[in-house]
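Undergrad: build me a structure from this.
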Amino acid sequence: MTLDMLPLGRSARILSVDWSALVQEEARRLRALGLEEGARIAIAHRGIFGGRDPIAITIGRMTVAVRRAHAGAMEVEEL
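TA: As a prediction, the model looks like this:
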């Protein structure tokens, strides 16, 4: 399943990221924040508007907001 499909409050591990689906600068920023293969994450919050953007992700002690398109490029497994 992709990260954008992960239910709210559930934990997961990133299995793979389709870096080619992301703009190079965005991919670099996500990697710098630790959103790469093997990272343990959880969905903390989803946007309230039609597209449900952005998605707040908890990684370690940090919360990061990502676009739904970025989350769709990340394959995860629920823990």
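
Undergrad: switch to C-alpha atoms for all contacts and neighbour counts from now on
TA: Will do.

Undergrad: can you get me a residue count around Met62?
TA: Met62 has 10 neighbours, counted by other C-alpha atoms under 10 Å.

Undergrad: try Ala71
TA: 21.

Undergrad: and it, what does it touch?
TA: Thr2, Leu3, Asp4, Ile55 (C-alpha atoms under 8 Å, 6 or more residues apart in numbering).

Undergrad: so the third one sits in a strand?
TA: Right, Asp4. No - looking at Asp4 with DSSP: H, G, I helix; E, B strand; the rest coil, it is helix, so not inside a strand.

Undergrad: residues in contact with it?
TA: Contact analysis of Asp4 by C-alpha under 8 Å, 6+ apart lists Ile55, Arg68, Ala71, Gly72.

Undergrad: Arg29: which of those residues is nearest?
TA: Taking C-alpha to C-alpha as the measure, Ala71 is the one of those closest to Arg29, at 13.5 Å.

Undergrad: all strands for this protein, in order.
TA: Taking DSSP state E as the test, the strands found in the chain are 11-17, 40-46, 55-59, 62-66, 74-78.

Undergrad: about what we covered before: got TSV for the contacts of Ala71, with pLDDT and distance to Val64 too?
TA: Output for the contacts of Ala71, formatted as TSV (pLDDT from 0 to 100; distance: C-alpha to C-alpha, whole Å):
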residue	pLDDT	distance to Val64
Thr2	94	17
Leu3	93	13
Asp4	90	14
Ile55	92	8
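
Undergrad: with distance to Arg10 added, can I get the residues you listed in TSV?
TA: Below are the contacts of Ala71 laid out as TSV (distance: C-alpha to C-alpha, whole Å):
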residue	distance to Arg10
Thr2	13
Leu3	11
Asp4	12
Ile55	13
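
Undergrad: tell me the bridge partners for Cys40.
TA: Let me fix one detail, which is that residue 40 is Arg and not Cys. Beta-bridge pairing of Arg40 under DSSP bridges involves Arg13.

Undergrad: pretty sure it contacts Arg13?
TA: Yes - the pair Arg40 and Arg13 qualifies as a contact (C-alpha atoms under 8 Å) at a distance of 4.4 Å.
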